[in-house]
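In: Next input, structure requested:
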Amino acid sequence: AVNAVYPFLQGANTPNNSSNNQGGIIDDESMSDNAYNNRNWTGHYRVGNGSHSARDFQPGITGSLLVWYPRYEGIRRANAVINRIENVSFSSEALKTRLTAEARFLRAYLHFDLAFKFGNVPLITREMTITESANVTQNTRKEVIDFVIDELGAIADDLPTSYSGADAGRITKGAALAFRARFALYAAGPGVLNDNSYYAIARDAAVAVMDLGVYGLHTSYAALFTPASENSNEIILANQYAAPTRVHNLWGTYAPPSQGGSGQVGPLRSLLDAYEATDGLPITSSGLYDQNNPYNNRDPRLDMTIIRPGSVFAGATFSPTVLGNPDYVGNNSLTSSFTGMYLKKYLIETEKTTPTQSGMNVILMRYPEVQLIYAEAKIELNEIDASVYDAINYSRRRPDVNMPDYTAALYPDQATLREA
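Out: From the prediction side, this is the model:
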C-alpha cells in the first residue's frame with residue numbers, strides 16, 4: 001500500500017491521460033522564466049504566459065497540468081495507509097514505524113505542491129466518504145504549509161539515513177529534512193507567506209542534512225543525469241523508474257526534431273544569460289564575454305544543460321537558424337522550440353532508438369541544493385559568514401565545472417549576495 005503512493009511523487013514530464021506523475025519537474029520549468037512550453041493547450045504553457053484559469057486544471061483535459069486530481073489521489077492512498085496501519089499486525093514495530101513515516105512524507109509532499117501552486121486548498125488527513133469529500137472546505141495556504149513542515153520534522157527520526165538492495169530509493173531521514181528545508185525556504189518568500197521566521201527553519205533543516213554526513217558531490221555534473229549515476233551519494237531523493245516495468249519518454253518529449261523528439265520545453269534566453277563567464281562574473285560585467293561569440297568562455301554547465309546553436313548533439317551539429325533544417329526555430333509549433341534551444345540534461349543518446357522505454361530515475365533533490373538553501377536562508381537572516389560562501393561555492397568546485405569561488409570581496413553584504 002505504501003508502494004502504491006510513491007508513483008504520485010513528481011515524475012519527469014506530464015504524460016497525457018494519466019494521473020501518475022502529472023506536473024513533472026521538467027515541465028514545471030516552463031511555468032518560470034527558465035523555459036517555454038510549445039504545447040499551447042497545456043496548463044504549463046498558460047501559466048507560463050499568464051493566461052491560465054481554473055479550467056486549465058480540470059481532470060480529463062488532455063495535456064493540461066492536471067495537478068489537482070493526482071495529488072489528491074496520492075493523498076487518499078497515503079491516508080489509507082496512515083489510518084489503517086494500526087490494525088495491521090507487524091512482526092517488527094520498527095518497520096511499521098518506518099512505513100508510516102514514508103506515507104506521511106508522501107502526503108506532506110503532495111499537500112505542499114498543491115498549496116504552493118494553488119494557495120488555499122483542503123488539508124485532508126483522513127479517509128473520507130464521497131459525500132464528505134464533496135463538502136470539504138479550503139484551509140489557508142499557511143495552515144497547509146505549517147502542517148507539512150511540522151510533519152517532515154516529526155517523522156525524520158523514524159526514517160533510516162540510507163537503504164540498500166531493493167529498498168534503495170525509499171524515503172530517508174535526509175529526504176525528510178531536505179524537503180523541510182526547501183519548503184520552509186519557499187514559504188518564507190514574499191510570493192508565498194512573506195515570513196522571515198521560515199528562513200530559520202530552512203537553515204536548521206539544511207544543517208541537519210549536512211550533519212548526517214552521508215551526502216557528497218558527484219565528480220561530474222555531465223554524468224550525474226545518466227543511469228550510471230543513479231546511486232550517487234549526491235542524490236537525496238529520486239523518482240524511481242525501471243525498464244520495462246516503469247518507464248518514461250524523455251527523449252521523445254524533449255529532444256530536437258532532427259533527433260526524433262518533439263522539443264516540448266525550450267530553454268529561454270533568461271536562463272542562457274544566467275550562466276556566467278569563466279572568470280566567474282556575469283556576462284554583463286565580464287571582459288571575457290563576446291556578444292558575437294556568446295557561447296565561448298562560459299560556465300561549462302551551460303553546454304551540459306542546453307542544446308544551443310552550434311552544439312554537437314547525438315553526432316550532429318545543431319543548426320536551428322538554417323532554413324529548411326528540421327530544427328529550424330518555430331518550424332512547427334508542436335515539434336520545435338520557439339527559442340532555438342533544447343534541453344540536454346537527461347537526454348541519453350543510447351535511448352534514441354527506444355525512447356519510450358527509459359528507466360532512468362528522475363532526481364527530485366540533490367545535496368548541492370541543500371547547500372544553497374542553507375546559504376540563501378543565512379543571507380536572508382543576514383547571518384553572513386564564511387559558511388555562506390563555502391555553501392555557494394560547494395558545487396562550483398566540481399571537477400568538470402571548476403568555476404571561480406564567490407568571495408567576500410566581490411559579494412560583501414546581503415544585497416550583493418542575494419544577486420549572486
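
In: which residues of the stretch 251-400 of the chain fall in strands?
Out: 265-267, 306-307, 312-313, 316-317, 342-343, 362-366 (DSSP state E, counting those that start in this stretch).

In: Give the pairing partners of the fourth one; include direction for each.
Out: Just to be clear, that refers to strand 316-317. Strand 316-317 has the following strand partners under DSSP bridges: strand 312-313 (antiparallel).

In: One more: the longest one?
Out: Looking at strand 362-366 with DSSP bridges, its partner strands are strand 235-239 (antiparallel).

In: Would you mind pulling the contact partners of the partner strand?
Out: If you take Cβ atoms under 8 Å, 6 or more residues apart in numbering as the criterion, strand 235-239 is touched by 6, 9-12, 21, 169, 171-172, 174-175, 178-179, 209, 215, 229-230, 361-367, 370. To be clear about C-beta, it is placed using only N, CA and C from the backbone, and glycine gets the same treatment.

In: Could you work out the end-to-end span of stretch 256-276 for me?
Out: Using Cα to Cα, to the nearest Å, one end of stretch 256-276 lies 25 Å from the other.

In: How far does it sit from its chain's centre?
Out: 17 Å (Cα atoms, centre = their mean, to the nearest Å).

In: Quick check: buried residues in it?
Out: 256-259, 261-268, 271-272, 275-276 (16 or more other Cβ atoms under 10 Å).

In: repeat for stretch 211-226
Out: Buried, per 16+ other Cβ under 10 Å, within stretch 211-226: 215, 217, 218, 220, 221, 222, 224, 225, 226.

In: hmm, back to that, now flag whichever of the buried residues of stretch 256-276 is closest to residue 245.
Out: Comparing the buried residues of stretch 256-276 against residue 245 with Cβ to Cβ places residue 261 closest, at 23.6 Å.

In: Nearest residue to the closest one in space, please, no chain neighbours.
Out: In space, and not counting its chain neighbours, residue 261 is closest to residue 255: 2.7 Å by Cβ to Cβ, 6 or more residues apart in numbering.

In: I'd like the average pLDDT over the helix or strand containing residue 101.
Out: Of the helices and strands defined by DSSP states H and E, residue 101 is found in helix 93-118. For helix 93-118, mean pLDDT rounds to 96.

In: residue ranges of the helices in the stretch 1-150 of the chain, please?
Out: Listed in chain order, the helices found in the stretch 1-150 of the chain under DSSP state H, counting those that start in this stretch are 25-28, 43-49, 68-84, 93-118, 130-133, 141-155.

In: And the very next helix or strand once past the last one, what does it pack against?
Out: Toward the C-terminus, helix 141-155 is succeeded by helix 173-188 as the next helix or strand (DSSP H and E). Counting contacts by 3 or more Cβ pairs under 8 Å, 6 or more residues apart in numbering; DSSP states H and E, helix 173-188 is packed against helix 93-118, helix 141-155, helix 197-212, strand 235-239, strand 362-366, helix 367-380.

In: Next, the angle from the first one to helix 141-155.
Out: In terms of direction (axes from the mean of the first three to the mean of the last three Cα atoms, to 10 degrees), helix 93-118 departs from helix 141-155 by 160 degrees.

In: Which members of the buried residues of stretch 211-226 are positioned in helices?
Out: Of the positions in the buried residues of stretch 211-226, 221, 222, 224 sit in helices, assigned by DSSP state H.

In: tell me which of those is nearest to residue 41?
Out: Taking those together and measuring to residue 41 by Cβ to Cβ, the closest member is residue 224, at 33.1 Å.

In: ok, now how distant is residue 208 from residue 181?
Out: According to Cβ to Cβ, to the nearest Å, residue 208 stands 8 Å off from residue 181.

In: Next: residue 284.
Out: 31 Å.

In: More neighbours: these two, which one.
Out: residue 181 (27 against 9; other Cβ atoms under 10 Å).

In: my guess is the residue nearest to residue 261 meets residue 265, correct?
Out: No. The pair residue 255 / residue 265 is not scored as a contact, 10.9 Å apart, by Cβ atoms under 8 Å.

In: Where does the prediction get shaky in the stretch 201-350 of the chain?
Out: Low-confidence segments of the stretch 201-350 of the chain, defined by pLDDT under 70: 331-333.

In: where do the helices sit along it?
Out: Ranges of helices in the stretch 201-350 of the chain, per DSSP H, counting those that start in this stretch, are 221-224, 250-254, 269-274, 301-305.

In: Would you format the ones you listed as TSV with distance to residue 88 included?
Out: Putting these into TSV (distance: least, Cβ to Cβ, whole Å) gives the following:
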stretch	distance to residue 88
helix 221-224	39
helix 250-254	37
helix 269-274	48
helix 301-305	45
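
In: Let me know which of those is the nearest to residue 35.
Out: Residue 35 sits nearest to helix 269-274 of all the helices of the stretch 201-350 of the chain, at 6.8 Å, using Cβ to Cβ.

In: on that earlier part again, tell me which of the helices of the stretch 201-350 of the chain sits nearest to residue 111.
Out: Among those, the nearest to residue 111 by Cβ to Cβ is helix 250-254 (27.1 Å).

In: quick one: the closest one to chain centroid distance?
Out: On the basis of Cα atoms, centre = their mean, helix 250-254 sits 17 Å off its chain's mean C-alpha point.

In: for stretch 148-164, same thing?
Out: 20 Å.

In: And for stretch 226-238?
Out: How far stretch 226-238 lies from its chain's middle: 14 Å, per Cα atoms, centre = their mean.

In: Send me it as CSV with only the CA atoms.
Out: Presented in CSV, the C-alpha positions along stretch 226-238 are these (Å, rounded to 0.1, in the frame of the first residue of the first chain):
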residue,chain,number,x,y,z
THR,A,226,22.6,9.5,-16.5
PRO,A,227,21.6,5.9,-15.5
ALA,A,228,25.2,5.2,-14.4
SER,A,229,25.0,7.7,-11.6
GLU,A,230,21.6,6.8,-10.2
ASN,A,231,23.3,5.6,-6.9
SER,A,232,25.4,8.7,-6.5
ASN,A,233,25.7,10.0,-2.9
GLU,A,234,24.7,13.4,-4.2
ILE,A,235,21.1,12.3,-4.9
ILE,A,236,18.9,12.6,-1.8
LEU,A,237,15.7,11.5,-3.5
ALA,A,238,14.7,10.4,-7.0
